[in-house]
Every structure is written in C-alpha cells, then in structure tokens.
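> sequence unknown, structure follows:
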C-alpha cells in the first residue's frame, strides 16, 4: 500500500502503470486483486476514500530507516467516471460431477481447499497463458514460478479424475 500510495500521490504516476509493474514482477500477482488494490489506494474503487502513506508510519515500521521523506499526505482521491453494469447469473450445479470436466485457471490453484476437493471428474484442465498471449508480459522468473505451481497442482489432483 505504501508503494502504491507513493507511486500515485507523491510521484503522481498513473495507477495503471503501477498495477502493470506489479503484475509483471510479483510471484503471487493476481490480476483481480492487484487491480482492485491499486484502485482502492487511488480512491477509485471506494469512491472518495484513498489510502495515503504517511511519513511517521513508514518511519515507525521501517525502524527509522527512512527519515525526512517528503510525501504528499494531503492528496485528494483520484476519480473515474467509468461505471460497470452488474448482471445476475444463475448457475445450477450438477449433482453428478463424475461425467463433468473441471477447468482450473492459473490464478486459482487452490483445488485441494475448494468446493470440489472431494469430487471426481471426467477430466481436469489446468489453464495457463503463455507469455506471448498476455497483455502484460510477465518476467521470466515469474513464468518459471507459475509453471512450477502448475506442475505441483497436477500432482495434487491426479487422484481426482475417473
């Protein structure tokens, strides 16, 4: 939050660039959480309520490593006129999942703690984007890390297929 606040309000850089930077380099980067977090700090997600890093807070929690830093602690929240329509969808879960397939995307590799952990499936697909198919290209370290997570997930779900 400090980083995002300093980026947005003290350096006066666009929150979108900061969010993109984080997605490119964070190992645990999640597109939804990352974007919403940056929007929250900016005050766009929670209209009019931004998060501002303060000098005393950073000084205190870094054991005085950063003294006399000048932050914009009075910046107004960023604004956006963009709105998003919500739509209600009805989903009906089948009773027998043994003849069904399951898609697991790379941003939700928590099958073993989810609703389906005790179910058997016809097939389970692990879906991952290649770097060349991404809007934001990930660092090579992050690509390697994600591929290792996918391999780990494969081992965990082997017994969940008929």
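Thanks, I have the structure now. These numbers come from a predicted model, not from an experiment.
> check which helix or strand covers residue 91.
Residue 91 is part of no helix or strand when elements are defined by DSSP states H and E.
> What count of nearby residues applies to it?
4 (other CB atoms under 10 Å). All C-beta spots, glycine's among them, are computed from the backbone N, C-alpha and C.
> Just the pLDDT for it.
The model reports residue 91 with a pLDDT of 78.
> Name whatever forms a beta bridge with residue 103.
residue 125 (DSSP bridges).
> pretty sure it is in contact with residue 121, am I right?
No: look at residue 103 against residue 121 with CB atoms under 8 Å: they stay out of range, at 10.2 Å.
> where exactly do the strands run in this protein?
Under the criterion DSSP state E, the chain contains strands at 101-105, 123-127.
> Residues contacting the first one, please?
Going back to what we said before, that points to strand 101-105. 111, 116, 121, 122, 123, 124, 125, 126, 127, 128, 153, 157 (CB atoms under 8 Å, 6 or more residues apart in numbering).
> ok, the nearest residue to the fifth one once chain neighbours are set aside to residue 28 distance?
Just to be clear, that refers to residue 123. Counting by CB to CB, 6 or more residues apart in numbering, residue 123 lies nearest to residue 101, which is 4.6 Å off, once chain neighbours are set aside. When distance is defined by CB to CB, to the nearest Å, residue 101 is 27 Å away from residue 28.
> still on that earlier bit, out of the contacts of strand 101-105, which comes closest to residue 135?
Using CB to CB, residue 128 comes nearest to residue 135 of the contacts of strand 101-105, at 15.0 Å.
> ok, the closest one touching residue 109?
No: if you go by CB under 8 Å, residue 128 and residue 109 don't touch, sitting 9.7 Å apart.
> Between those two, which contacts overlap?
Residues touching both residue 128 and residue 109 (CB under 8 Å, 6+ apart): residue 150.
> Among residue 103 and residue 121, which residue is more densely surrounded?
Between residue 103 and residue 121, counted using other CB under 10 Å, residue 121 has the larger neighbour count: 17 against 10.
> Now the most centrally placed residue in the chain: closest residue in space that isn't a chain neighbour?
In the chain, the centroid-proximal residue (CA atoms, centre = their mean) is residue 30; its distance is 2.2 Å. Ranked by CB to CB, 6+ apart and with sequence neighbours excluded, the top spatial neighbour of residue 30 is residue 107, at 5.2 Å.
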